[in-house]
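Novice: Everything below, folded, please.
(3 chains)
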Amino acid sequence: MKTHAQEFSESARQYTADLRHRDWIQQALSGYYAKRDECKSRFQNWAGARELAAEIKREAINHLDRYLDEFASKLEARGTKVFWAPDAQAARDYIVGVARQHRVRSIIKSKSMTAEEIHLNEALEKNGFKVVESDMGEYIVQLRQEPPYHIVFPAMHLTRQQISGLFHDRLGSEPTNNPEDLTMIARHIMRRKYCEADMGISGANFAIAETGMISITENEGNARLTTSLPKVHVALVGIEKVLPKLSDLALFLPMLATAGAGQPITCYNTLYGGPRQPDEPDGPEEFHAVLLDNRRTELLADAEQRDALHCIRCGACLNVCPIFKNVGGHSYGTTYQGPIGSVITPHLRGLQDWKHLSQASSLCGACTETCPVKIDLHHHLLRNRRNAVRGHPGRREKLLQAGFVFMMRRPKLYQFVARAGRRLQPLQRLIRGTIFDPLRAWTQTRSFPSLAKKSFRELWRERRIP
Amino acid sequence: MDIVRVLERLGHTVDYPEAQTCCGQPAFNSGYWDEARAVAERQMTIFRDAEAVVIASGSCGAMVQVFYPELFRHHPREIEARALSAKTFEFSDFLVNQLGVLDVGARFLGRATFHDGCHGLRELGLKKEPRLLLQHVQGLELVEMQEAETCCGFGGTFAVKFPMISTAMGEVKCASIAETGADYVISNDSSCLMQIRGILDRQGKTTKTLHLAEVLART
Amino acid sequence: MTNREVILGRIREALKIVAPPPVYRQGGMKPSALPGSPQQWLPPVGPTLDERIELFSRNAADLQAEFHICANVGEAVQYVKHWMIVDGWRKIGRHSGELTDAVAPALGLAEVRTEDGYALNDLESCDAALTECEALVAQTGSVLVSAPSAGGRALSVLPPHHVVLARQHQMAPDLGAALERMQEKYKDKFPSFLSFISGPSRTGDIERILVLGAHGPKKLTILLLP
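Specialist: Alright, predicted model coming up:
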């Protein structure tokens, strides 16, 4: 049984050697960078917007009990059924229960990373319910039976040829290299599904406490259809999605679009505040909002890293992360990839099992720099490392670190070791690259510099003596 | 030694306390904060009476300036840590922002590109400082590479714990350097230069790596 | 203990520990310096109606939404008739409203009226949808619709061409102002559905190539009446 860390390393080894993948992802993101920068320049003050967004989220998260309760009460007042799910199992059971109760035959779903997190589709399928993903990218990876590659762009790793081949194999459609034709194939199939589905499941981008509404952001219109046509709508909402006021959307919608996709605003931003009201011509008869904890409260309790709950799932940190770009989204092996995934997964799924994601980083800080809500991402990776060591210091590494301290507190010893290293370097060349080489991890792919003949200390002393 | 030469050329007295060893970052980055603190405490004592501390690399500079206060939070020596943090500067930061100097009288003929070490760039907020200094170097043609701000992949122990990722990142950086047609790549972080040098050598490239101080010391 | 009490209990317990204050690095601002309204940081919008219409027009064009200023209902009818002929419409979906009632009869087409209930297949086979709206947003080129103002939830997203009839006074400068108008209008009794529509439906999921009409309408036409 491989550990998650071993699986990560293996996958990383594979992907980092794949130059085609490296170029493809770089190409995919270069368009995003240009559009994102253009959108940012339209803001009167992007830095100011980030500060304000961070402040609003800080208020929401640090008073989460109040806002969450307000959100739930307002929803219930308009006829929504609110279910508080302490963990993934409770959420799955509830949703399966709703499907059973309504004798649902077909379920249509719009994009929800929260649903991925709790493996909702598997649970529904195990109980005999067929679930179809309506979002283009999610539909494609569902057909390929693989997880989403990126939290915002699930199919960014695929070429049109691969998608054409996939549709041909699984749907019997004519092969085509035209993205528009491919899109129309999916559109045509989905329209049937929307009209037939008895239940629609969605996520939520934001939960507005003041007015008791969820807000869903999308470009395709599939979420609007998922939540308008079927008789029952179930929305899965992470408890951290809360925003205090309706007016907060005026800031968050453009920021989410800019950071997430390099768009000034996403095509559809829809607010749902209840099931169909008496004077409305259509809409679901029942609206269920499932509020999911699933260990978010543990992250909340880690006061140092609490701001990780500010995340609006824009994916911007993935897009700038050199690790993500080189190892690819699938290497992470968990729902949330990239820097935010590396920060929160230890809290949501266990520190010792997932600390390797925090270690697999050069801590460059590009993520923290880009985050629209100013989460201290790369520093949290440092803190995860510290926490992992406190909980379970590796014996070998603890010994090495102890040796490091011993030497660094004794300058004469340090100088001795450095001098010895300089003398012995010619010998290292003999064993370089072999299993005897202590620097093998470096020298396999990179040359090691020749150490200077004289140390700074020696040069310094020579200067002083006239 | 080039840093010493430049500072002395500008008329300053430089001291090098020989008892210093390391800022403690390798331990800190691996999560061994108690061990890092043990090493850091010694350095704090050594530099207690210095007027200003100048550091050659962005990553060590960041360790002292940004992380010492966090490392010593709620510790008896917190005030000392903050004091040291406030008077420690990376080399280009010191020249431009503390001494107000842009032209150090350097001369260097060649076409070069600058690599922004992540710690200097993002922890210390240094971007224009090295470039201002290089712009005043006579004979130097400075070109910007596309991936100037992208991490070179060193990352401390990351380079040996995840060598395949580290190398891939380094290759992306070296490809960007090659695109500029520069003969030299300059940086203010020696670890970055070691990583870049290591990969350029394996690729058989003749592009040379130079520390910012080496360029500024040339006359 | 109910689930609600369990979760709220966990939250309250967690929040007993106060989070350390955020580190404001060089250039960061203290909270007291932050404005109440985000509009100060967001893209600017001019103060006059003409400037706002001009901005809306540019944004709509960027979004590939068609936008026309009409002097009267007759002109609006002309624009709609143009599409009717070019695309060979046989049936449209619409709701009853001041503007839709003025435009629709002139088309002489079969209609699916949503206000009295409708069969899904009927609506699905419509060639176009004719609706009104709650507001237009100059800052983003968006149309704000709601269940009451646009004939329900499905009408403005199911047929392949969505035509919106709006009046000039509905032009709001920015998203914040549009939301404020909704709060003033509805107070506590919001419709269950409100949506900001910014252009025709789209996807970039295939090699980032923009394709319109992913699931929602492929065409969006906005007609502004005085």
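Novice: I figured B:Ala81 hits B:His74, correct?
Specialist: No: the criterion here is C-beta atoms under 8 Å, and B:Ala81 misses it with B:His74 at 11.1 Å. Bear in mind the C-beta positions are built from the backbone N, C-alpha and C, glycine included.
Novice: Which one's more surrounded, those two?
Specialist: Each of B:Ala81 and B:His74 has its neighbours counted (other C-beta atoms under 10 Å in any protein chain shown); B:Ala81 has more, 22 against 5.
Novice: ok, now how distant is that one from B:Cys23?
Specialist: 12 Å (C-beta to C-beta, to the nearest Å).
Novice: List the residues that are in contact with both of the two.
Specialist: The contact sets of B:Ala81 and B:Cys23 overlap at B:Ala40 (C-beta atoms under 8 Å, 6 or more residues apart in numbering or on different chains).
Novice: What is the burial count for A:Arg20?
Specialist: Neighbours around A:Arg20, by other C-beta under 10 Å: 8.
Novice: So which elements touch the helix or strand where it lies?
Specialist: Element membership for A:Arg20, per DSSP states H and E: helix A:19-42. On a contact count with 3 or more C-beta pairs under 8 Å, 6 or more residues apart in numbering or on different chains; DSSP states H and E, helix A:19-42 meets helix A:249-261, helix A:316-320, helix A:322-327, helix B:163-180.
Novice: Distance from the chain centre to that helix, please.
Specialist: Mean-position distance between helix A:19-42 and its chain equals 18 Å (C-alpha atoms, centre = their mean, to the nearest Å).
Novice: Okay, buried residues for it please.
Specialist: For helix A:19-42, the neighbour count (16 or more other C-beta atoms under 10 Å in any protein chain shown) marks A:21-22, A:24-25, A:28-29, A:32, A:35-36, A:39-40 as buried.
Novice: For the helices and strands packed on helix A:19-42, give me TSV that also has distance to chain C, mean neighbour count and mean pLDDT.
Specialist: Listed next are the helices and strands packed on helix A:19-42 as TSV, based on distance: least, C-beta to the nearest C-beta, whole Å; neighbours: other C-beta atoms under 10 Å in any protein chain shown; pLDDT from 0 to 100:
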stretch	distance to chain C	mean neighbour count	mean pLDDT
helix A:249-261	3	25	97
helix A:316-320	12	27	98
helix A:322-327	15	26	97
helix B:163-180	20	22	97
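Novice: and residue 188, backbone torsions?
Specialist: Reading this off chain A. The phi and psi torsions at A:His188 (degrees, to the nearest 10) take the values phi -60, psi -40.
Novice: You answered for a different chain; I wanted chain C.
Specialist: Dihedral angles (degrees, to the nearest 10) for C:Asp188: phi -100, psi -20.
Novice: same check, this time on C:Arg94
Specialist: phi -160, psi 170.
Novice: show me the contacts for A:Glu146.
Specialist: Counting by C-beta under 8 Å, 6+ apart, A:Glu146 makes contact with A:His330.
Novice: Over to it. Which of the three states is it?
Specialist: When classified by DSSP: H, G, I helix; E, B strand; the rest coil, A:Glu146 comes out as coil.
Novice: and chain B, what are its domains?
Specialist: B:2-96, B:102-217 (automatic domain parsing).
Novice: what residue ranges in chain B score low on pLDDT?
Specialist: Low-confidence segments of chain B, defined by pLDDT under 70: none present.
Novice: For chain C, what's its nearest residue on it.
Specialist: Nearest residue of chain B to chain C: B:Gly125, at 5.2 Å (C-beta to the nearest C-beta).
Novice: how much space between the residue of chain B most remote from its centre and chain A?
Specialist: Distance to the chain centre peaks in chain B at B:Pro76, reaching 29.4 Å (criterion: C-alpha atoms, centre = their mean). According to C-beta to the nearest C-beta, to the nearest Å, B:Pro76 stands 18 Å off from chain A.
Novice: Kindly report the same for B:Ile46.
Specialist: From B:Ile46 over to chain A (counting by C-beta to the nearest C-beta), the distance is 9 Å.
Novice: Now that residue: closest residue in space, sequence neighbours ignored.
Specialist: Distances taken as C-beta to C-beta, 6 or more residues apart in numbering or on different chains put B:Pro17 closest to B:Ile46, at 4.9 Å, once the chain neighbours are dropped.
Novice: And what about C:Met1, helix, strand or coil?
Specialist: Relying on three-state DSSP, one would call C:Met1 coil.
Novice: wait, doesn't it sit right on C:Gly9?
Specialist: Yes: if you go by C-beta under 8 Å, C:Met1 and C:Gly9 touch, sitting 7.4 Å apart.
Novice: can I assume the residue nearest to B:Ile46 sits in a strand?
Specialist: No: counting by three-state DSSP, B:Pro17 is not part of a strand but coil.
Novice: immediately after the helix holding A:Arg20, which helix or strand?
Specialist: helix A:46-62.
Novice: Which positions within that next one qualify as buried?
Specialist: A:46, A:48-62.
Novice: Keep only those of those that are also close to chain B.
Specialist: The subset of those within reach of chain B, counting by C-beta under 8 Å from any C-beta of the partner chain, is empty.
Novice: Which segments of chain A make up each domain?
Specialist: Split by automatic domain parsing, chain A gives A:1-42+A:312-392, A:48-294, A:409-464.
Novice: what's the span of the first one from first residue to last?
Specialist: Yep, that's domain A:1-42+A:312-392 we're talking about. 21 Å (C-alpha to C-alpha, to the nearest Å).
Novice: Could you identify the longest strand within chain B?
Specialist: With secondary structure taken from DSSP state E, chain B has its longest strand at strand B:107-115.
Novice: roughly how far out does that strand sit from the chain middle?
Specialist: For strand B:107-115, the distance to the chain centre is 17 Å (C-alpha atoms, centre = their mean).
Novice: again, but for stretch C:89-100
Specialist: 18 Å.
Novice: And for stretch A:182-194?
Specialist: With C-alpha atoms, centre = their mean, you get 27 Å for stretch A:182-194.
Novice: for it, which positions count as buried?
Specialist: Here stretch A:182-194 shows A:182-187, A:190, A:193-194 as buried, counting by 16+ other C-beta under 10 Å.
Novice: ok, now stretch A:88-107?
Specialist: In stretch A:88-107, the ones that count as buried by 16+ other C-beta under 10 Å are A:88, A:90-92, A:94-96, A:98-99, A:104, A:107.
Novice: Write out the residues of chain B neighbouring chain C.
Specialist: B:Gly125.
Novice: nearest residue to residue 176 other than its sequence neighbours?
Specialist: In the absence of a named chain, chain A is used. Here the residue nearest A:Thr176, using C-beta to C-beta, 6+ apart, is A:Ser164, at 5.5 Å.
Novice: let's do chain C instead
Specialist: Per C-beta to C-beta, 6+ apart, closest to C:Gly176 is A:Ala250, 3.5 Å.
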